[in-house]
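S.K.: No sequence on hand, only this structure:
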């Protein structure tokens, strides 16, 4: 319990510190999260019998992430210079062609499976972290490349995720009787899930007073969407681990498992 508690405290400090200190620390933090997530996903893939194209996956992951970075803000923040920005959709559209082309040149027993798992690693672990760069520059009305870094909307969404996790656990502990999807996650109950969604929706009504830049109706919609999508993200991660026959996706966070274990909810909420 002590290890898990201290791990949670350290994790929260690093996450919120990176989020609020500057856009530079935000960008570096989620790049590290994306790359560790890709590593963990490829380890899962290997346990499922695939052999992802690791070097290419890491290279494409970094290029895709850097394409999503708001270089105007980042360069102004660090160097006082401005860099050229190109649409990240170009790289994303090329993903299937890159990995399917590799199947022609790399001999393996199941080339298509390897290519699909390689693409899945990027779509699952990297793209959601890339999309956060759009979110932290969202103004509520328009999104422009030269807008100001604003971490508060993402912070509000993270609060909703934490709220759902906490209240779903408490609800399941006190009221849980019927399993949600037992074959995927034996610990989740229908009562606990409903308790988490209802109380997270109630919490969303308070967020406009803390984060006044967005209309209250937006937070009320997120109050429903976030816990539902966070729960699905958690279940998908559980299914991946159960299929691979492992308990945690990694060991980087003492008492909490790996990066995919900690960000499984955000992975689905982000898009």
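M.R.: That came through, no problem. On a predicted model such as this, the values are computed, not experimentally measured, just so you know.

S.K.: okay, now residue 184: neighbour count?
M.R.: For residue 184, the neighbour count with other CB atoms under 10 Å is 18. C-beta coordinates here come from the backbone N, C-alpha and C atoms, glycine included.

S.K.: Ignore what I typed, I meant residue 45.
M.R.: By other CB under 10 Å, neighbour count at residue 45 equals 23.

S.K.: Give me the pLDDT value at the nearest residue to it once chain neighbours are set aside.
M.R.: Using CB to CB, 6 or more residues apart in numbering and skipping residues adjacent in sequence, the residue nearest residue 45 is residue 117, 4.2 Å away. Note on residue 117: pLDDT of 90.

S.K.: Distance check, residue 117 against residue 39.
M.R.: Separation of residue 117 from residue 39 (CB to CB, to the nearest Å) stands at 13 Å.

S.K.: and what of residue 70?
M.R.: Counting by CB to CB - residue 70 and residue 39 are separated by 26 Å.

S.K.: now swap in residue 65 and tell me
M.R.: Relative to residue 39, and taking CB to CB, residue 65 is found at 14 Å.

S.K.: Just the helices from the chain, written as ranges.
M.R.: 2-21, 23-47, 54-68, 71-78, 89-105, 111-125, 127-135, 152-175, 190-204, 207-210, 216-244, 259-269 (DSSP state H).

S.K.: Lowest mean pLDDT across those helices, which one is that?
M.R.: helix 71-78 has the lowest average pLDDT among the helices of the chain, namely a mean of 62.

S.K.: so what's residue 112 closest to, chain neighbours aside?
M.R.: Residue 112 sits nearest to residue 103 (CB to CB, 6+ apart), 6.2 Å away.

S.K.: try residue 268
M.R.: That would be residue 233: by CB to CB, 6+ apart, it lies 3.3 Å from residue 268.

S.K.: Hmm, the one you found is touching residue 262, no?
M.R.: No: using CB atoms under 8 Å, residue 233 is not in contact with residue 262, being 11.4 Å away.
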